[in-house]
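Asker: Structure for this input, please:
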Amino acid sequence: MGESVRQILARESAGGTATVRGWVRTARHAKGLTFIEVSDGSCFAGLQVVVESTVPGFETELRQLQTGCGVVATGELVESPGKEQSLELRAARVEIVGPVADGYPLQKKRHSFEYLRSIAHLRPRTNTVGSVFRVRNAAARAIHEFFQERGFLWLHTPIITASDAEGAGNLFRVSVMDPADPARDAAGAVDFSEDFFGRETFLTVSGQLEAEIAALALTNVYTFGPTFRAENSNTSRHLAEFWMVEPEMAFCELEANADLAEAFLKHVFEYVLTHCADDMAFFNQRIDKTVIETIEHIVRTPFERITYTEAVSILQASGESFEFPVEWGIDLQSEHERYLAEKHIGKPTIVTDYPAAIKAFYMYLNDDEKTVRALDVLVPKVGEIIGGSQREHRLDVLQPRMAEHGLADADYWWYLDLRRYGSVPHSGFGLGFERLVQFVTGMANIRDVIPFPRVPGYAEF
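Answerer: This next block holds a predicted model:
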């Protein structure tokens, strides 16, 4: 495979030969010289290749080099007189492996992110999207590192499921039946017993319920995989297909859950700052001039903790004119969350103990029977970035809660079994991975932090 650009540029000194394999970012032609910047995506920087007229094919091929060409260049690694990097390659041979046809969509100019989405097969070659994907990779690696170092087991939960973990609908149905002529029962309704799985099935919205199964045997587990929501929402913060991180811990109550969520965010952000310094500098310069400051603030600052009731009191006393009026019992909106994290408290904030009526059936009911042991982690600029709870492990409390949400015991028999056989207090949280990448890079649209966005009306590539 050879050395990457990242490895070549990391050499301690000039000297010796090197071979770079990549794609031409820019090609400048001067008298008797051609300067090529070659990138292979391994780091933000490219490697400058200096091609002199004595190199074979200089006049016949290499003078026609243009942006996008795939090349292999071999030569001597020398000190660079330029300010951009300390080393450059003085080519002895340059091979054009992949020529570029006329009309190459990416040129040395700024393209809109909307345009780049239409050429998602080529956009990783741009500075911005290449940096996004390197940060995305680093964040994913940091997530696995965080949990693995703490003895968590990575659990692969099903993508096809018969349950709605959130109890909120918005599911993609999975079926092999002919939509124009599905099997029907005696009443004329679609008969899913004739379908592939013998019942109605969907793409998962969460791996949490299955993670609870594993946690109640293996103690600490986490999921990291794709999830799906069939929400007809065309916003800069929503995707129909996205990745979720969901740890689940047995013998764990809400306070320890909050501790883990705080440590988790700090670890991931610090890892990205350390391992993607060039990419983060680019985002700080071109996308959001406060992104590094924001991330560093989160890493070094203890998170504040307040209850939902305290949050409502703060918001009502704020004197702010919110678009959504504040009263006890509402689900906090992004504007409320951002006010708390940015203006009033001024640092990441964990809000706990939300009204039971606005939260999922599986959350632990407090003694007041009005609130549940839920938590949301709020950060500046976006509001909620993590949501979680202590789970209801008491069978006599869980069953009435399910009935309130219109969920049949027969559909969740196995979930109830977990409460019958060795149930213990347990907790977990969920984080939308793309939301995290969007936050850490400062990118305005979530569609630009996933390789191939899936949104209403669009499933290209």
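
Asker: what are the ranges of the strands in the stretch 251-400 of the chain?
Answerer: 304-307, 349-355, 371-379, 383-390 (DSSP state E, counting those that start in this stretch).

Asker: Pull the distance from the longest one to the chain's centre.
Answerer: Mean-position distance between strand 371-379 and its chain equals 20 Å (CA atoms, centre = their mean, to the nearest Å).

Asker: So for that strand, mean pLDDT?
Answerer: Throughout strand 371-379, pLDDT has a mean value of 98.

Asker: Against which helices or strands is that strand packed?
Answerer: helix 254-275, helix 334-338, strand 349-355, strand 383-390, strand 426-432 (3 or more CB pairs under 8 Å, 6 or more residues apart in numbering; DSSP states H and E). Any C-beta I mention is one placed from the backbone N, CA and C, and that applies to glycine too.

Asker: Tell me which residues are up against the helix or strand containing residue 75.
Answerer: Assigned by DSSP states H and E, residue 75 belongs to strand 70-79. For strand 70-79, contacts defined as CB atoms under 8 Å, 6 or more residues apart in numbering pick out 8, 11, 14-24, 36, 38, 49, 51, 65, 86-99.

Asker: coming back round to it: which of the strands of the stretch 251-400 of the chain is buried the deepest?
Answerer: strand 371-379 (a mean of 25; mean count of other CB atoms under 10 Å).

Asker: now for the longest strand seen in the chain, which elements pack on it?
Answerer: Longest strand in the chain, counting residues (DSSP state E): strand 17-30. Contacts defined by 3+ CB pairs under 8 Å, 6+ apart place strand 17-30 against helix 5-9, strand 33-39, strand 47-52, strand 70-79, strand 87-98.

Asker: what's the offset of it from the middle of its chain?
Answerer: That offset, for strand 17-30, works out to 32 Å (CA atoms, centre = their mean).

Asker: Spit out the contact partners of residue 377.
Answerer: Contacts of residue 377 by CB under 8 Å, 6+ apart are 258, 261-262, 265, 303, 348-350, 384-387, 429.

Asker: Bridged to it, which residues?
Answerer: residue 350, residue 386 (DSSP bridges).

Asker: can you tell me how far residue 35 sits from residue 28?
Answerer: Distance from residue 35 to residue 28, counting by CB to CB, to the nearest Å: 4 Å.

Asker: So between these two, which is more surrounded?
Answerer: Using other CB atoms under 10 Å as the criterion, residue 35 and residue 28 rank with residue 35 on top: 15 against 11.

Asker: my guess is residue 211 contacts residue 223, does it?
Answerer: Yes. Assessed by CB atoms under 8 Å, residue 211 is found in contact with residue 223 at 5.4 Å.

Asker: Common neighbours of those two, please.
Answerer: Common contacts of residue 211 and residue 223 (CB under 8 Å, 6+ apart): 155, 157, 246, 247, 248.

Asker: Save the strands of the stretch 251-400 of the chain as a markdown table, and put in distance to residue 337 too.
Answerer: Shown next, in a markdown table, are the strands of the stretch 251-400 of the chain (distance: least, CB to CB, whole Å):
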| stretch | distance to residue 337 |
| --- | --- |
| strand 304-307 | 12 |
| strand 349-355 | 8 |
| strand 371-379 | 5 |
| strand 383-390 | 3 |
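
Asker: Can you say which of the ones you listed is nearest to residue 238?
Answerer: Across these, residue 238 has its closest neighbour in strand 383-390 (13.5 Å, CB to CB).

Asker: quick one: average confidence on the closest one?
Answerer: 97.

Asker: Next: stretch 45-53.
Answerer: In this model, stretch 45-53 has a mean pLDDT of 96.

Asker: Kindly report the same for stretch 254-267.
Answerer: Computed over stretch 254-267, the mean pLDDT rounds to 98.

Asker: quick one: buried residues of it?
Answerer: Within stretch 254-267, the residues that count as buried by 16 or more other CB atoms under 10 Å are 254, 257, 258, 260, 261, 262, 264, 265, 266, 267.

Asker: what does stretch 290-301 give?
Answerer: 291, 292, 294, 295, 297, 298, 299.

Asker: Show me where the stretch 151-300 of the chain has its helices.
Answerer: For the stretch 151-300 of the chain, the helices defined by DSSP state H, counting those that start in this stretch cover 208-218, 254-275, 277-286, 291-300.

Asker: Which of those helices sits closest to residue 178?
Answerer: When these are compared by CB to CB, helix 208-218 sits nearest residue 178, at 30.4 Å.

Asker: what's in contact with that closest one?
Answerer: 153, 155, 157-158, 161, 163, 165, 221-223, 246-250, 362, 391, 414-415, 418, 422-424, 426, 428, 430.

Asker: element containing the residue of the chain most remote from its centre, please.
Answerer: No residue in the chain sits farther from the centre than residue 54, which is 48.2 Å out by CA atoms, centre = their mean. Using DSSP H and E, residue 54 falls within no helix or strand.

Asker: got the phi/psi numbers for it?
Answerer: Main-chain torsions, residue 54, degrees, to the nearest 10: phi -80, psi -10.

Asker: what's near enough to touch residue 85?
Answerer: Taking CB under 8 Å, 6+ apart, one finds 9, 45, 47, 48 in contact with residue 85.

Asker: Please repeat the previous calculation with a cut-off of 10 Å.
Answerer: Contacts for residue 85 (CB atoms under 10 Å, 6 or more residues apart in numbering) come out as 9, 37, 45, 46, 47, 48, 79.
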